[in-house]
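Visitor: Pasted the sequence and its predicted model underneath.
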Amino acid sequence: MSRSAEDNAMVHAITIEREFGCGASEIASLVASRLGWSLWDERLTQEIARLTESTPEAVEQREWRSDPAVYRIFQDFLRGAFEGGLPPTHRLHLLDARRIGAVSEIAVKTALSNGPSVIVGRGSQFFLRNRKDVFHVFLYASRDHKIRRLISRGESEDRAIELVDTTDKARAAFVRQYLGLQWLDPHLYHAMFNTEMGESCTATMLVECAQQFGRARE
């Protein structure tokens with residue numbers, strides 16, 4: 001079922017923050033498809049890479065070799081709900097603490113300026129928190145569910161456990177250190193959904209909540 005942007009005239013974007021492994025990629029894709037909106041997930045990481053003019057040669061000239069832990073944390077921040085590693089072209093040209101937040105914010109606002117959008121992660125709930133026309137959602141699931149889901153998609157059990165236990169901690173550390181904010185602050189979100197109810201059900205509830213949110217502002 002597809003709906004036009006006019007049905008959500010007062011909502012111009014939905015941001016989806018998520019725990020790693022909870023199925024946010026599929027849910028975000030379903031929501032974007034049902035609304036007929038653009039999906040900014042891996043595309044958002046590509047925009048950040050474009051803004052940083054990334055090339056492998058440029059990376060070698062930067063300080064990541066002397067501070068690989070920070071680079072790994074930034075990779076976890078960039079990794080989207082698509083739950084993949086970053087391709088080699090996404091090795092980043094920049095980066096110091098001052099520019100990390102600025103570049104991420106530019107990319108998120110570029111997504112918003114391109115029309116009604118579903119924007120996944122990358123600090124979007126922080127950068128757009130003062131917009132009255134943006135609906136913010138957090139997706140989560142139990143640790144066991146996330147591990148089982150990653151294993152069903154081809155990860156080894158050890159790797160699935162490692163990803164679930166470390167990725168969100170790295171995201172939280174990045175957001176705290178470089179954006180000065182708390183990653184899991186419930187006051188940033190209009191709704192939180194446990195994705196163990198199923199991807200289609202979660203997407204349906206999310207769309208309905210966003211529509212109700214929009215109508216309340218008409």
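Guide: Everything's here; your move.
Visitor: all helices of this protein, in order?
Guide: 24-35, 42-51, 56-60, 68-78, 97-113, 124-127, 143-152, 157-174, 199-215 (DSSP state H).
Visitor: Which one of the ones you listed lies nearest to residue 133?
Guide: helix 199-215 (8.2 Å; C-beta to C-beta). (C-beta placed from N, C-alpha, C; glycine too.)
Visitor: before we move on, the earlier item: let me know which of the helices of the chain is tucked in deepest.
Guide: Of all the helices of the chain, helix 124-127 has the most neighbours on average by mean count of other C-beta atoms under 10 Å, namely a mean of 24.
Visitor: Please list the residues outside that one that contact it.
Guide: When contacts are defined by C-beta atoms under 8 Å, 6 or more residues apart in numbering, helix 124-127 is touched by residues 15, 17, 44, 104-105, 108-109, 111, 136, 138, 175, 179, 181, 188-189.
Visitor: I'd like the distance between residue 31 and residue 41.
Guide: Per C-beta to C-beta, to the nearest Å, residue 31 is found 11 Å from residue 41.
Visitor: Common neighbours of the two, please.
Guide: Overlap of the contact sets of residue 31 and residue 41 (by C-beta under 8 Å, 6+ apart) consists of residue 118.
Visitor: comparing the helices of the chain, which gets the lowest mean pLDDT score?
Guide: Note on the helices of the chain: helix 56-60 shows the lowest mean pLDDT, a mean of 37.
Visitor: what's the spacing between the most centrally placed residue in the chain and residue 214?
Guide: Nearest to the geometric centre of the chain sits residue 121, at 1.7 Å (C-alpha atoms, centre = their mean). Note on residue 121: its distance to residue 214, by C-beta to C-beta, is 22 Å.
Visitor: And residue 45, by the same measure?
Guide: Look at residue 45 and residue 214: by C-beta to C-beta, they are 28 Å apart.
Visitor: List the contacts of residue 160.
Guide: So residue 160 contacts 21, 146, 147, 150, 151 (C-beta under 8 Å, 6+ apart).
Visitor: What sits closest to the first one if chain neighbours are left out?
Guide: Taking C-beta to C-beta, 6 or more residues apart in numbering as the measure, residue 21 lies nearest to residue 146, with 3.4 Å between them; neighbours along the chain are not counted.
Visitor: wait, doesn't the one you found sit right on residue 20?
Guide: Yes - if you go by C-beta atoms under 8 Å, residue 146 and residue 20 touch, sitting 7.1 Å apart.
Visitor: Overlap in contacts, those two.
Guide: Common contacts of residue 146 and residue 20 (C-beta under 8 Å, 6+ apart): residue 164.
Visitor: tell me the pLDDT at the closest residue to residue 23 other than its chain neighbours?
Guide: Once flanking residues are discounted, residue 23 sits nearest to residue 195: 4.8 Å by C-beta to C-beta, 6+ apart. Residue 195 carries a pLDDT value of 97.
Visitor: looking at it, residue 195 is touching residue 22, isn't it?
Guide: Yes - using C-beta under 8 Å, residue 195 is in contact with residue 22, at 4.6 Å.
Visitor: Which one of those two is surrounded by more residues?
Guide: Per other C-beta atoms under 10 Å, whichever of residue 195 and residue 22 has more neighbours is residue 22, with 27 against 24.
Visitor: how far away is that one from residue 141?
Guide: 4 Å.
Visitor: Cheers, nothing more for now.
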